[in-house]
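> This is the structure alone, sequence omitted:
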């Protein structure tokens with residue numbers, strides 16, 4: 001009896017090698033994983049937005065900001081994240097940061113104290129696109145990830161993957177060397193100060209050090225950017 005069970009198991013194993021992949025494999029496995037990747041960076045950025053909003057107050061009509069430029073660590077964001085948010089290995093590399101700039105400087109190229117009237121604060125969350133979501137031919141984000149972006153992030157949001165920008169492009173009002181390529185061909189220039197300065201962020205984690213071609217470990221990055229006040 002035992003030998004027949006072994007033979008049956010062996011035949012079943014051989015048969016399994018001849019089975020084709022499920023026709024709906026993209027729908028039941030790949031798409032949910034791509035959407036999870038987008039969900040995590042979106043949720044972390046929304047936590048950053050809540051953190052920033054919670055650190056702005058008004059005294060006799062004057063705006064008082066209690067945050068400072070630089071990275072906002074995950075430990076400071078966790079209270080603003082939904083219950084059960086899983087900080088796994090993939091989103092652990094997402095960096096959330098605040099940049100305060102002078103909107104009157106060419107291309108938003110100069111910093112400005114966050115409490116100074118007229119300053120503009122940019123919130124940005126960014127992280128490397130994992131190899132599993134890259135096209136084997138172009139190296140750019142593949143259709144699965146792009147489709148997930150379209151499904152989760154509404155058009156017009158400053159969300160997408162980093163791309164080199166032509167300063168002569170008429171869309172490039174900031175004359176920036178980098179832009180975000182987003183949903184429905186949304187294209188938005190990234191302020192020069194974010195591209196060119198470390199903003200006091202240590203350990204090589206600033207946008208300028210990680211996402212601008214200086215990092216040989218990753219070519220394309222996801223980023224979510226929001227200007228405030």
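Ah, there it is. Being a predicted model, the structure only gives us computed values, none of them experimental. Residues are numbered from 1 along each chain as shown.

> Give me the below-cutoff pLDDT ranges for the protein.
1-2, 4-29, 87-92, 183-185, 214-216 (pLDDT under 70).

> just the strands in it please.
All strands of the chain, identified by DSSP state E, fall at 56-59, 62-65, 70-71, 95-101, 120-128, 159-164, 178-182, 187-189, 221-228.

> For the longest helix along the chain, list every residue counted as buried.
Counting residues, the longest helix in the chain under DSSP state H turns out to be helix 31-53. Using 16 or more other CB atoms under 10 Å as the test for burial, helix 31-53 gives 31, 34-35, 37-49, 51-52. Heads up, the C-betas are built off the backbone N, CA and C, glycines and all.

> Could you do stretch 57-77 as well?
65, 67, 69-72, 74, 77.

> which residues does the closest residue to residue 182 other than its chain neighbours bridge with?
Spatial nearest neighbour of residue 182, chain neighbours left out: residue 160 (3.0 Å); criterion: CB to CB, 6 or more residues apart in numbering. Beta-bridge pairing of residue 160, defined through DSSP bridges, involves residue 182, residue 223.

> Does residue 160 touch residue 150 like I think?
No: using CB atoms under 8 Å as the test, residue 160 is too far from residue 150 to be in contact (10.7 Å).

> Those two: which has the busier surroundings?
Neighbours were counted for residue 160 and for residue 150 using other CB atoms under 10 Å; residue 160 has more, 24 against 14.

> quick one, what contacts the more buried one?
149, 180-183, 186, 188, 222-223 (CB atoms under 8 Å, 6 or more residues apart in numbering).

> how close does it get to residue 125?
12 Å (CB to CB, to the nearest Å).

> Please apply the same query to residue 201.
Counting by CB to CB - residue 201 and residue 125 are separated by 13 Å.

> Look at those two and report which has more neighbours.
residue 125 (27 against 19).

> Next up, the contacts around that one.
41, 44-45, 48, 94-97, 223-224.

> Spatially nearest residue to it (excluding sequence neighbours)?
Nearest one to residue 125, counting by CB to CB, 6+ apart, is residue 45 at 3.9 Å.

> Then residue 99?
residue 122 (4.6 Å).

> Next, count neighbours for that neighbour.
Neighbour tally, residue 122, other CB under 10 Å: 21.

> ok, residue 118 - contacts?
Neighbours of residue 118 in contact, by CB under 8 Å, 6+ apart: 102-104, 112.

> Give the buried subset of the residues you listed as a ChimeraX selection command.
Buried subset of those, written as a ChimeraX selection, criterion 16+ other CB under 10 Å:
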select :102,112
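
> Redo the contacts of residue 118 as a markdown table? Include distance to residue 84.
Below are these laid out as a markdown table (distance: CB to CB, whole Å):
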| residue | distance to residue 84 |
| --- | --- |
| 102 | 40 |
| 103 | 38 |
| 104 | 43 |
| 112 | 38 |
